[in-house]
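# Curious how this folds, go ahead:
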Amino acid sequence: MFKSIALVVAASVLSGPVMAVETGEIAPAFAGLDEFGNEVSFPEVIDGKPTILFFWATWCPYCKAFMPYLEQIQKDYGDDINVVMINHKERGEGDAVAYIKALDFKVTAVMDGDAIGDAYTVDFIPGLMIADADGRMAWKRESTDLPAGRKVGEFWNTVVREQLDKML
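Residues are numbered from 1 along each chain as shown. All right, here's what the predicted structure looks like:
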């Protein structure tokens, strides 16, 4: 059943034209299933708050480097923001559900998010974006030459916090 619902979600996301989501544009609506099989819908999940969209995979060293910073961001900003993690380009090398369940911070997760990543034109992992309280794309990370590790995590931490501070 999980796979059939995921296919329906994928078909609905992909039915529109695939275009890059640019800053200032309304972010594409999507629906997907969380790690428990419950539906997560965007923009409903925003609930009037800035929302970090983090497209990640278990195999991604950049994702792992940023995860402790994302955790601290969520804890520092608390209920003033949302964190939505979308599993994307998972190659079957890790257990995404177990990874999410092991996190020690409040996050909304979407499993099997390839179609969502495609709709958002996430070409590299991690995809890191912030939608404002109205569902407009407020910020998107660009590619970086920094190696995976502390430096890139600190860099994205600083930029994400700057963007959130502008919105709150």
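# Please count neighbours and contacts with C-alpha atoms only from this point.
Fine.
# What segments of this protein are strands?
30-33, 39-42, 51-56, 82-87, 108-110, 127-131, 137-140 (DSSP state E).
# Just put those in a markdown table and tack on mean pLDDT, mean neighbour count and distance to residue 94.
A markdown table is the format used below for the strands of the chain (pLDDT from 0 to 100; neighbours: other CA atoms under 10 Å; distance: least, CA to CA, whole Å):
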| stretch | mean pLDDT | mean neighbour count | distance to residue 94 |
| --- | --- | --- | --- |
| strand 30-33 | 96 | 22 | 18 |
| strand 39-42 | 97 | 15 | 22 |
| strand 51-56 | 98 | 25 | 12 |
| strand 82-87 | 97 | 24 | 11 |
| strand 108-110 | 96 | 23 | 15 |
| strand 127-131 | 97 | 23 | 18 |
| strand 137-140 | 95 | 20 | 26 |
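# Helices of the protein, start to end?
Taking DSSP state H, the helices of the chain run over residues 2-14, 61-77, 96-102, 114-119, 150-167.
# Quick check: which of these is buried the most?
helix 114-119 (a mean of 21; mean count of other CA atoms under 10 Å).
# which strands and helices sit next to it?
Applying 3 or more CA pairs under 8 Å, 6 or more residues apart in numbering; DSSP states H and E, one finds that helix 114-119 contacts helix 2-14.
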